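Enquirer: My questions are about this predicted structure, shown below with the sequence.
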Amino acid sequence: VQLQASGGGLVQPGGSLRLSCTFSGGTLDFYHIGWFRQAPEKEREGVAVSSRHDPPTYAQSVKGRFTISRDTAKNTVYLQMNSLKLEDTAVYYCAAKGVLSTGYNYWGQGTQVTVSS
């Protein structure tokens, strides 16, 4: 399984970005896909998770602003980020966990999101 994250960039507070995570080497339906982020000098935190048969879940800090979705035909999971705040600045990673696995075994490279005026 391989993951490729893209879509990061520089955006002003209040702006929007859409991150993409392209999945290959397996069947997307058999995996949970999570978005994580890590800001400088902070621990990595989970942002959102997409599962084939369960509702998406979100960190409290992004609820109502971020939306995770998956397009099985394109083997891609998206993270739509609206109303971005300075504290959303981080490197964002996507990761995959098999539906029977206990942890995220596959990670993509990060994509930088910078929110700045």
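Expert: Now that the structure is in, tell me what you want to look at. Numbers count the residues shown, from 1 in each chain.
Enquirer: how far away is the residue most central in space within the chain from H53?
Expert: In the chain, the centroid-proximal residue (Cα atoms, centre = their mean) is W35; its distance is 2.6 Å. Distance of W35 to H53, given as Cβ to Cβ, to the nearest Å: 19 Å. Bear in mind the C-beta positions are built from the backbone N, C-alpha and C, glycine included.
Enquirer: quick revisit: list the contacts of the residue nearest to the centre of the chain.
Expert: Applying Cβ atoms under 8 Å, 6 or more residues apart in numbering, we find W35 in contact with 19, 21, 46-49, 68, 77, 79, 92-95.
Enquirer: all strands for the protein, in order.
Expert: 2-6, 9-11, 17-24, 31-38, 45-50, 57-58, 66-71, 76-81, 90-98, 106-107, 111-115 (DSSP state E).
Enquirer: In CSV, list those along with mean pLDDT.
Expert: CSV is the format used below for the strands of the chain (pLDDT from 0 to 100):
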stretch, mean pLDDT
strand 2-6, 97
strand 9-11, 98
strand 17-24, 98
strand 31-38, 97
strand 45-50, 98
strand 57-58, 98
strand 66-71, 97
strand 76-81, 98
strand 90-98, 97
strand 106-107, 96
strand 111-115, 98
